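Asker: Build me a model:
(2 chains)
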There are 2 protein chains.
Amino acid sequence: MTDLRPHVSPGSVTLAGGGPGSAEMLTLAVARALEAADVVLHDRLISAEVLALAGPGALLVETGKEGFGPGMAQADICALMVAFARAGRNVLRLKSGDPAVFGRLDEELEALDVAAIDWRILPGITAASAAAAALGQSLTKRGRNGELRLITGHDVAGYAEQDWRALARPGAVAAIYMGKRAARYLQGRLLMHGADPATPVAIVENVSRDGQRVIAARLGSLVAGLGGVEGAAVLMLGLAPRAAEAALPELKEVLK
Amino acid sequence: MTDLRPHVSPGSVTLAGGGPGSAEMLTLAVARALEAADVVLHDRLISAEVLALAGPGALLVETGKEGFGPGMAQADICALMVAFARAGRNVLRLKSGDPAVFGRLDEELEALDVAAIDWRILPGITAASAAAAALGQSLTKRGRNGELRLITGHDVAGYAEQDWRALARPGAVAAIYMGKRAARYLQGRLLMHGADPATPVAIVENVSRDGQRVIAARLGSLVAGLGGVEGAAVLMLGLAPRAAEAALPELKEVLK
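Answerer: So this is what the prediction gives:
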């Protein structure tokens, strides 16, 4: 378990984090796994520049799935992984971000265990880390928060229930994954539990990839702030972009 | 802000995540920044194999600091960064893990802003992601938790206060950074708030580096489980190692 480069025999599966989008944010281990893979089963959010690092002979299969959208069923993805591994292929299952964070990793590991197929996991940069870098902000800060929460805007049952009272407290910081379509719901729940409408919420669209955009909103104007957001976005509750604060005095006023 | 490789002029500072330890877990961007740096100001936990990627002419300065231990004062680290940048050096401030997670990033950014020195942030793999990979577990799992917390065992004021009631709930998952010395306190607080003593707590020592060790404990036996742990460790509340569960029937019993 300590070896990051175990003997990756044909017929095994590497479950890896493709990071937030930029190929520069892949780890060395994942970049090497991409070069070596016979088959790459990748999420829709894996960028073209990341896929370009796959070997020329690699078979690339998009498994779709994002937010509420359509995509290959989870059972089909698992069946494909197992089938390619049984055929002796070196399979890379490439998930966006970190596979352990809202990546349904457990379902795929269970399928591999049931099929008695060897696997290893290579972590990736999760959206919260890349979004914080884009904001120029720390996710934790003494005197503000000793805790960071990663939450999801929705789960299989619909909009996700959270500990709203705690999230509504001044100084709470949370990265909200898949929060775009749940924004009105999140906003309502937080305000209902006493959050200040002036709480900053930074929206980071297309984190680390082409078209990255940082929008400084407040909880009260969150839905309006998401108006023009087309790409995948992570909502950073309790954080404002540092660069915007410093560069624009009028924004600084707004964010006070 | 969208460009991951802005013109890094001499006299600027790159604040980067050195990841959990293994050089394989550096991102491509950080590996390149290491090669290009004139001066590397690094935390004590940055491993020798990571530092080996620095250019032959680079000046490596260890800034110390870990847990309750001694080290260079934060003000001194800031002063060094500023001084080297003002001298026209390409400075890399290399923090272990992700700089935005319990890395005091904000204090260093403020010092650079005050000194009007250009900076950029490159995220790194945080310990929670690497520890989850070592455990073979997902940090989020439908039907179990739609939220992941990253918390610290202690802060500048001493042991950190947390939302113990929420953390004590069945199914809660949290990665506890710098929790080794705070283990007895954490254990006490969680049990006092109704946590089941049988709650799994995985201890991952030396995450991703030589001597990585995964210890399956329970909340009730956490302090005993930490007995032989010498290296840096992250405590994974609510998670048990998958491999151990599958491989050892007797452990499977224990973890039920």
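
Asker: in which helix or strand would I find the nearest residue to residue A:86 once chain neighbours are set aside?
Answerer: Nearest residue to residue A:86 in three dimensions, chain neighbours excluded: residue A:11, at 6.9 Å (CB to CB, 6 or more residues apart in numbering or on different chains). In short, each C-beta sits where N, CA and C put it, glycine included. According to DSSP states H and E, residue A:11 maps onto no helix or strand at all.

Asker: Kindly report the same for residue A:78.
Answerer: Using DSSP H and E, residue A:78 falls in helix A:74-86.

Asker: average model confidence for that helix?
Answerer: Looking at helix A:74-86 alone, the average pLDDT works out to 95.

Asker: residues of the very next helix or strand once past it that come out buried?
Answerer: Next along the chain after helix A:74-86, taking DSSP H and E as the criterion, comes strand A:91-95. Residues of strand A:91-95 classed as buried: A:91, A:92, A:93, A:94, A:95 (neighbour count, 16 or more other CB atoms under 10 Å in any protein chain shown).

Asker: and what of stretch A:191-207?
Answerer: Neighbour-count burial for stretch A:191-207 [16+ other CB under 10 Å]: A:191, A:195, A:199, A:200, A:201, A:202, A:203, A:204, A:205, A:206, A:207.

Asker: ok, now stretch A:161-175?
Answerer: So, applying 16+ other CB under 10 Å, buried residues of stretch A:161-175: A:162, A:163, A:164, A:165, A:166, A:167, A:168, A:172, A:173, A:174, A:175.

Asker: Give me the subset of those lying in helices.
Answerer: A:164, A:165, A:166, A:167 (DSSP state H).

Asker: which ones are touching the first one?
Answerer: The neighbourhood of residue A:164, defined by CB atoms under 8 Å, 6 or more residues apart in numbering or on different chains, consists of A:189, A:190, A:192, A:193.

Asker: State the number of residues packed around the second one.
Answerer: Right, the one you point to is residue A:190. 24 (other CB atoms under 10 Å in any protein chain shown).

Asker: how far off strand A:91-95 does the helix holding residue A:78 point, in degrees?
Answerer: 150 degrees (axes from the mean of the first three to the mean of the last three CA atoms, to 10 degrees).

Asker: Can you spell out which helices and strands pack onto helix A:74-86?
Answerer: Packing contacts for helix A:74-86, counted by 3 or more CB pairs under 8 Å, 6 or more residues apart in numbering or on different chains; DSSP states H and E, involve strand A:39-43, strand A:59-64, strand A:91-95, helix A:105-114.

Asker: and the angle from it to strand A:59-64?
Answerer: 170 degrees.

Asker: Mind listing residues that contact helix A:74-86?
Answerer: Applying CB under 8 Å, 6+ apart, the external contacts of helix A:74-86 come out as A:11-13, A:38-39, A:41, A:61, A:63, A:65, A:72, A:91, A:93, A:104, A:107-108, A:111-112, A:115, A:117.

Asker: filter those to the buried ones?
Answerer: A:12-13, A:38-39, A:41, A:61, A:63, A:65, A:72, A:91, A:93, A:104, A:108, A:111-112, A:115, A:117.

Asker: Can you narrow those residues down to the ones near chain B?
Answerer: residue A:104 (CB under 8 Å from any CB of the partner chain).

Asker: burial count for whichever residue of the stretch 151-256 of chain A sits closest to chain B?
Answerer: Closest approach between the stretch 151-256 of chain A and chain B, counting by CB to the nearest CB: residue A:212, at 3.8 Å. Residues contacting residue A:212 under the criterion other CB under 10 Å number 21.

Asker: swap in residue A:188?
Answerer: Neighbours around residue A:188, by other CB under 10 Å: 13.

Asker: Show me the contact partners of the host helix or strand of it.
Answerer: Secondary structure assigned from DSSP H and E places residue A:188 in helix A:183-192. By CB under 8 Å, 6+ apart, the list of residues contacting helix A:183-192 from outside reads A:153, A:159, A:162, A:164, A:167-168, A:176, A:179, A:197, A:199, A:219-220, A:222-223, A:226, A:235, A:237.
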